[in-house]
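Student: Sequence isn't available, so here's the structure alone:
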């Protein structure tokens, strides 16, 4: 256990940051799961609306340092490709 005042403060800060990061990561994962479920069900309209919300959550996660920019770019590209394939298959 930390004994110095500065070490105690760092421990408190770590706990706070951990909670914030966990909440942000959870928000992104939930959004991704919802979008993937919409794609699997074949709901084009719901999936396109959820895609916009998911992209927003992913971009915010990059700003907050939760995910790397290249990782988010890869996610967005693959999800958009699946959405376009679903839309073209339905049309």
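Tutor: Ah, there it is. Predicted, not measured: the structure shown is a model, and the values here were computed from it.
Student: could you say which helix or strand contains the closest residue to residue 27 other than its chain neighbours?
Tutor: Take residue 27 and drop its neighbours on the chain: the residue closest to it by Cβ to Cβ, 6 or more residues apart in numbering is residue 57, 5.8 Å away. (C-beta placed from N, C-alpha, C; glycine too.) Secondary structure from DSSP states H and E places residue 57 in helix 44-63.
Student: what inclination does the longest helix anywhere in the chain have with respect to helix 44-63?
Tutor: Longest helix of the chain, by residue count under DSSP state H: helix 5-41. Angle, helix 5-41 to helix 44-63, by axes from the mean of the first three to the mean of the last three Cα atoms, to 10 degrees: 160 degrees.
Student: and helix 5-41, what does it pack onto?
Tutor: Helix 5-41 sits against helix 44-63, helix 69-90, with contacts defined as 3 or more Cβ pairs under 8 Å, 6 or more residues apart in numbering; DSSP states H and E.
Student: Other residues contacting the longest one?
Tutor: So the one you mean is helix 69-90. Applying Cβ atoms under 8 Å, 6 or more residues apart in numbering, the set of residues contacting helix 69-90 from outside is 32, 35-36, 39, 42, 44, 47-48, 51, 54-55, 58-59, 61-62.
Student: What is the neighbour count of residue 64?
Tutor: 13 (other Cβ atoms under 10 Å).
Student: List the contacts of it.
Tutor: Here residue 64 is in contact with 21, 24 (criterion: Cβ under 8 Å, 6+ apart).
Student: Which residue is the nearest non-sequential neighbour of residue 32?
Tutor: residue 54 (6.1 Å).
Student: same check, this time on residue 60
Tutor: Nearest residue to residue 60 in three dimensions, chain neighbours excluded: residue 24, at 7.6 Å (Cβ to Cβ, 6+ apart).
Student: No further queries at this time; thank you.
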